[in-house]
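Participant: for reference, the sequence and a predicted model appear below.
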Amino acid sequence: MDPIYNGMPAAELGSEGWHKPWSGGNGGNCVEAMKLSDGRIAVRQSADPDGPALIYTPREIAAFIQGAKSGQADFLLT
């Protein structure tokens, strides 16, 4: 079984390597991401670094970012 799985405690991935590509002036509530050694991407809530990590494939992250850039997620802002 893969030791890295969706929903695992983010703390088990360590504290090094997390980045805040989507931070802003929101009082420190940021989404953090880490590229894993196998190419997958872990995402966690910075306000809860011991909470669950969501694990995505590079293809899933690319689809999300491309969709957000093209406006497909704009409905979340209204």
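Facilitator: Sure thing, it's come through.

Participant: got the contact list for Gly67?
Facilitator: Ala73 (Cβ atoms under 8 Å, 6 or more residues apart in numbering). C-beta here means a position set from N, CA and C on the backbone, and glycine is covered the same way.

Participant: SS state for it?
Facilitator: helix (DSSP: H, G, I helix; E, B strand; the rest coil).

Participant: per-residue pLDDT, it?
Facilitator: With respect to pLDDT, Gly67 scores 95.

Participant: also the one 4 residues further on?
Facilitator: The predicted structure scores Gly71 at 96 on the pLDDT scale.

Participant: so which helix or strand takes in it?
Facilitator: For Gly71, there is no host helix or strand (DSSP states H and E).

Participant: okay, now Gln45: neighbour count?
Facilitator: 15 (other Cβ atoms under 10 Å).

Participant: phi, psi of it?
Facilitator: Phi and psi for Gln45, reported as degrees, to the nearest 10, are phi -90, psi 120.

Participant: next, name the residue at the spatial heart of this structure.
Facilitator: Val43 (2.0 Å; Cα atoms, centre = their mean).

Participant: mind listing what the closest residue to it other than its chain neighbours touches?
Facilitator: Nearest residue to Val43, sequence neighbours excluded (Cβ to Cβ, 6 or more residues apart in numbering): Leu54, at 4.7 Å. Counting by Cβ under 8 Å, 6+ apart, Leu54 touches Asn6, Gly7, Ala42, Val43, Arg44.

Participant: and the closest residue to Glu32 other than its chain neighbours, how far from Ile41?
Facilitator: In space, and not counting its chain neighbours, Glu32 is closest to Trp18: 4.4 Å by Cβ to Cβ, 6+ apart. Separation of Trp18 from Ile41 (Cβ to Cβ, to the nearest Å) stands at 11 Å.

Participant: likewise for Asn29?
Facilitator: Counting by Cβ to Cβ - Asn29 and Ile41 are separated by 20 Å.
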